[in-house]
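A.B. asks: Sequence first, predicted model second:
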Amino acid sequence: MCGICGIYDRQHTEIDPERIIKMRDVMMQRGPDDAGLFTAPHIGLGHRRLSIIDISAAGHQPMTNENRTVWIVYNGEVYNFPVLRGPLIEDGHLFSSFTDTEVLLHGYEEWGIERLLQKINGMFAFAIWDAKKQELILARDRLGVKPLFYMERDGRVYFSSDIKSIYLACGHELTVDHEALDHFLYSYCIPQEYSIFREIKKVLPGHYIRFARNETTSRKYWQVSFAPKLKMDENEYIEELSNRLLAAVRSRMISDVPIGAFLSGGVDSSLIVALMANVSGSAVKTFSMGVKEASYNELEYARMVADRYATDHHEFIVEPDALNILPEIIWAYGEPFADASQVPTYYVSKMTSGHVKVALTGDGGDESFCGYGDSVAHYLGGKYRKYLPEFVRNKLSPPIADGLVSIFGRRGIVSKIKTLADYGYGDFMDSLNIRGVFGFDHRDFLYTPELKDILLKHDPTDVYKKYALMADGIDEVDKAQFISMKTALPNDYLTKVDVATMMNSLEARSPYLDYEVIEFAASIPSGEKVKFGRQKYLLKKLANRYVPHSAIYRKKWGFGIPVGIWFRNNLERLLKDILFSARASKRGYFNMNYVERLMQEHLQGKCDHTYRLWTLLCLELWHLMFIDKVITRSERLV
C-alpha cells in the first residue's frame, strides 16, 4: 500500500522535482518505508512506499522495464500476481523482484492496458508513463477501493492518491464546488463524480484515463451486472459462496509482513476471522473497538468469536476526548467527510498498526448480500406496488403512516408501516428521495437564498438516479444494490477505511470486495438474499457454520460512536464555538437560525439531529483548515 503522484506537462519539458517531492511527502503516512522520484522530459513521478510484498529494495518505485521505456507508480495489491507472473516469464520478460508492481509493468508491455486490467484481481490505483507513446495512463480498481485524483490545468496533468497533493502543488488556488457541497450535505460524503474543488476530479472506479499529447480519453473497463441469474438450491448457493469467499481470504493472506483482522462482532468480520483461523497455521490477531455506552458496544460479540478461535485479541475503548483527533482526520481526508464512524475506524486502525501491517476487514458484505435495511424495504416495497391499488399506496397509506408516527413516534411496528409506505410510494425513482442527511424537507430551511441561487435547480439525488437508469437488475433490490455499489460503497465506506488505515500506515484488505465474489453475489436472485424478509439470509446461513448463533441472529448495529449523546453531555460548547463563529456566519451558506433550532432540539432531547450536527461540524472544520487556514491538524477541540 502506497501513495502515488505526478505531473505530466504537455507543453514544457522541464518538471520541477521539488514540486513532485512536495506532492509526494504530504503522503508520508501512506508510505513511510521508502520514497522515490523520477523525472524526464514532460513527466515527473513520485512514490511513497509501505512495503508489504517483497520488502527488499527491489520493490522501489517508480519502477521501470528493462529498456526504461515504461515507468509505473502503483498503490494497492494484485492478489493473483503469482499466477500472472509465470506466463510473463515464459514470454521472455525479465523480473528483478517478486512484486506485483513488476507484474503490472510487464503485463502492460505484453497485453496492453485493457487486457491487463481485465486479468488482474485486486485493489489498485496506478499511473503508467509510456515514453515511446508519450502517454500517461491512470487506472483505478473495479470498485474504487484505492483513491486517485487528477486535474488538467494549463496543459498540465496533476495526479495523486491524496487530493492535498494537488492542493499544495497548485498553491491552493482552487475553487470550492458548491454542487459537491450540496451532495456532501445530502449524503455526508462527496460522490466520485465530484471533488470539493471544482478543478479536481477523481478517476472513476472501474475506469482508466489515457492522457496523450493532444487528447484525453476515459474508458470504463468493468461494471457489475445483475442481469444474469443462477438457478441453484439454497445449499448450492451457500457452497459456491463458501468456496469463493475462502479463496478470496486465502489470496488476501499472502504477505511478507504480519497480518491480522478487524473484528467488529458483526456477521461480516466474524466470518472473515473464522475463515482466516481455518487456513492459518497460527493464532489470528484480531482487533476490536468499543465504547462505554452499552447500546453502541459490540465487544461482547467480538469476544465470542475471538474466544471460539483462540485469536490473539486486542480491544480499544473510545471516549469523548477522542474527538481531539478530529482536526487530524479532517486534514487526512482533504475534502469534507462526515461518516461519524471515521473516528472509531481511525482508532482501531491505530491500535492494529501497532501489531501488524495488514488487516483483513468485513467491508463489502452488506452491499453484496443485502445487509442494509433498505434492501428488505425495497423488496417489500416492490411487492407492495405490485399487489396494492395505486389509490391505497399513494393516497391512503402515506397520511395514515404519518399520523401514526406523530402519535406513537417512529418505533416498532409504526416504523415498519412508515417505511413500507415510503418505499411503496410512486415508483422506484421516488424511493431514492428518502435518503439524505439534509433531505429536501431540510434543505429549503437550511440554505440561504444566496446558496439556493448558486445551486439553482441542482438535485443531489441525480447521482443516484443516474445509476438507477444504468442498473440492469431484474427487480428493485438488484437496482438498489447496484446504486449502493456505485455511490455509498466508494464514496463513503471505502474512502473511510482507506483514509483511516493509511493515516496509520496500515493496509486493509476485504475478501468481500473480490470482484469474483461480487459477480457471484449479483447473480443470486434477490429473493434468496432477503429470504423471509431477512437481511443477508445466505451469508448468515454460511456464517452459522463458523460463528456463534447469538452473534449472527441479532439486531444489526452500525460501527459507530455515541456522538449524539456526547453532544448533549460533553460537547455543547464545541458545537456552539464552531458552528456559530463569525467565520461560519459570514460564509453565507446557512440560515443560522435554523442551525440554532437543530442544535437546541437535539440538546433538549426533542429530536435526534446527530448526523446533521456532525455533518455541519465537519464541514466547518474543513473550511477553517483548508479555506481560512486558521486551524491546524494538531488543534485540540475538547
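C.D. replies: Sure, I can see it. Bear in mind that the values here come from a model prediction, so they are computed numbers and not experimental data.

A.B. asks: need the next SSE after whichever strand or helix holds L469, C-terminal direction.
C.D. replies: Using DSSP states H and E, L469 maps to helix 462-470. Where DSSP H and E defines the elements, the next helix or strand beyond helix 462-470 is helix 476-486.

A.B. asks: In CSV, list the C-alpha atoms belonging to that following helix.
C.D. replies: Only the C-alpha atoms of helix 476-486 are listed here, as CSV (Å, rounded to 0.1, in the frame of the first residue of the first chain):
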residue,chain,number,x,y,z
GLU,A,476,-35.8,-3.2,-7.2
VAL,A,477,-33.4,-5.0,-4.8
ASP,A,478,-30.9,-5.5,-7.6
LYS,A,479,-31.2,-1.9,-8.6
ALA,A,480,-30.7,-0.7,-5.0
GLN,A,481,-27.6,-2.9,-4.6
PHE,A,482,-26.1,-1.6,-7.9
ILE,A,483,-26.7,2.0,-6.8
SER,A,484,-25.1,1.3,-3.4
MET,A,485,-22.0,-0.2,-5.1
LYS,A,486,-21.7,2.9,-7.2
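
A.B. asks: Summarise which helices and strands it is packed against.
C.D. replies: helix 365-369, helix 373-387, helix 428-431, helix 462-470, helix 515-522, helix 526-529 (3 or more C-beta pairs under 8 Å, 6 or more residues apart in numbering; DSSP states H and E). Where you see a C-beta, it was placed from the backbone N, CA and C, and this is true even at glycine.

A.B. asks: Also compute the angle for it relative to helix 373-387, please.
C.D. replies: Helix 476-486 runs at 150 degrees relative to helix 373-387, counting by axes from the mean of the first three to the mean of the last three C-alpha atoms, to 10 degrees.

A.B. asks: Would you mind identifying the next helix or strand past helix 476-486?
C.D. replies: Counting by DSSP H and E, what follows helix 476-486 is helix 488.

A.B. asks: and the helix or strand following that next one, what other elements does it pack with?
C.D. replies: Next in sequence after helix 488, counting helices and strands by DSSP H and E, comes helix 494-502. Secondary-structure packing of helix 494-502 (3+ C-beta pairs under 8 Å, 6+ apart): helix 326-333, helix 342-353, strand 507-509.

A.B. asks: Counting neighbours, what do you get for I4?
C.D. replies: The number of residues packed near I4 is 33, by other C-beta atoms under 10 Å.

A.B. asks: ok, back up a step: any idea which of the helices and strands packed on helix 494-502 gets closest to G290?
C.D. replies: Relative to G290, the nearest member of those by C-beta to C-beta is helix 342-353, separated by 8.7 Å.

A.B. asks: relative to helix 326-333, how tilted is the closest one?
C.D. replies: 80 degrees.

A.B. asks: what mean pLDDT does helix 342-353 have?
C.D. replies: Average pLDDT, helix 342-353: 94.

A.B. asks: For whichever helix or strand comes after it, what is the distance to the chain centroid?
C.D. replies: The helix or strand immediately downstream of helix 342-353 is strand 358-360, counting by DSSP H and E. Offset of strand 358-360 from its chain centre (C-alpha atoms, centre = their mean, to the nearest Å): 16 Å.

A.B. asks: and strand 358-360, what other elements does it pack with?
C.D. replies: On a contact count with 3+ C-beta pairs under 8 Å, 6+ apart, strand 358-360 meets strand 259-262, helix 267-279, strand 507-509.

A.B. asks: Only C-alpha atoms, please: export the longest one in CSV.
C.D. replies: Output of helix 267-279 as CSV, limited to C-alpha atoms (Å, rounded to 0.1, in the frame of the first residue of the first chain):
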residue,chain,number,x,y,z
VAL,A,267,-21.5,-11.2,10.8
ASP,A,268,-19.2,-10.0,8.1
SER,A,269,-16.0,-9.5,10.0
SER,A,270,-16.7,-12.5,12.2
LEU,A,271,-17.0,-14.8,9.2
ILE,A,272,-13.7,-13.5,7.8
VAL,A,273,-11.9,-14.2,11.1
ALA,A,274,-13.4,-17.7,11.2
LEU,A,275,-12.2,-18.4,7.7
MET,A,276,-8.8,-17.0,8.4
ALA,A,277,-8.5,-19.2,11.5
ASN,A,278,-9.3,-22.2,9.4
VAL,A,279,-6.5,-21.7,7.0
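
A.B. asks: Might you report the residue contacts of the residue lying closest to G334 once chain neighbours are set aside?
C.D. replies: Among residues not flanking G334 along the chain, I163 sits closest, at 3.9 Å (C-beta to C-beta, 6 or more residues apart in numbering). Taking C-beta atoms under 8 Å, 6 or more residues apart in numbering as the contact definition, I163 lies against F149, S195, I196, F197, I200, G334, E335.

A.B. asks: which ones are touching the third one?
C.D. replies: Okay, so that is I196. Contacts for I196 (C-beta under 8 Å, 6+ apart) come out as I163, V176, D177, A180, L181, F184, I190, G334, E335, P336, W622.

A.B. asks: related to what we said a few turns ago, and of the helices and strands packed on helix 476-486, who's closest to V437?
C.D. replies: helix 462-470 (14.0 Å).

A.B. asks: buried ones in that closest one?
C.D. replies: For helix 462-470, the neighbour count (16 or more other C-beta atoms under 10 Å) marks V463, Y464, Y467, A468 as buried.

A.B. asks: that older thread, can you tell me which of the contacts of I196 are in helices?
C.D. replies: Per DSSP state H, helices hold the following members of the contacts of I196: I163, A180, L181, F184, W622.

A.B. asks: hmm, which two among these are most spread apart?
C.D. replies: Among the ones in helices among the contacts of I196, I163 and L181 lie farthest apart (C-beta to C-beta), at 14.8 Å.

A.B. asks: With pLDDT, distance to R142 and secondary structure as added columns, please give the contacts of I163 in a markdown table.
C.D. replies: Converted to a markdown table, the contacts of I163 look like this (pLDDT from 0 to 100; distance: C-beta to C-beta, whole Å; DSSP: H, G, I helix; E, B strand; the rest coil):
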| residue | pLDDT | distance to R142 | secondary structure |
| --- | --- | --- | --- |
| F149 | 98 | 18 | strand |
| S195 | 97 | 21 | coil |
| I196 | 97 | 25 | coil |
| F197 | 97 | 26 | strand |
| I200 | 97 | 22 | coil |
| G334 | 96 | 23 | coil |
| E335 | 97 | 23 | coil |
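
A.B. asks: mind putting those in CSV, distance to A508 included?
C.D. replies: As requested, the contacts of I163 are arranged in CSV below (distance: C-beta to C-beta, whole Å):
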residue, distance to A508
F149, 19
S195, 22
I196, 24
F197, 26
I200, 24
G334, 18
E335, 20
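
A.B. asks: Spell out for me the ChimeraX command that would select the buried members of these.
C.D. replies: A single ChimeraX command is used to select the members of the contacts of I163 judged buried by 16+ other C-beta under 10 Å:
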select :149,195,196,197,200,334,335
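
A.B. asks: Greatest separation within the contacts of I163: which pair is it?
C.D. replies: Across the contacts of I163 (C-beta to C-beta), the longest gap, 10.6 Å, separates F149 and I196.

A.B. asks: quick revisit: who wins for neighbours among the contacts of I196?
C.D. replies: Counting by other C-beta under 10 Å, top hit in these: F184 with 27 neighbours.

A.B. asks: quick one: that one and L619 touch, right?
C.D. replies: Yes: counting by C-beta atoms under 8 Å, L619 is a contact partner of F184 at 6.8 Å.
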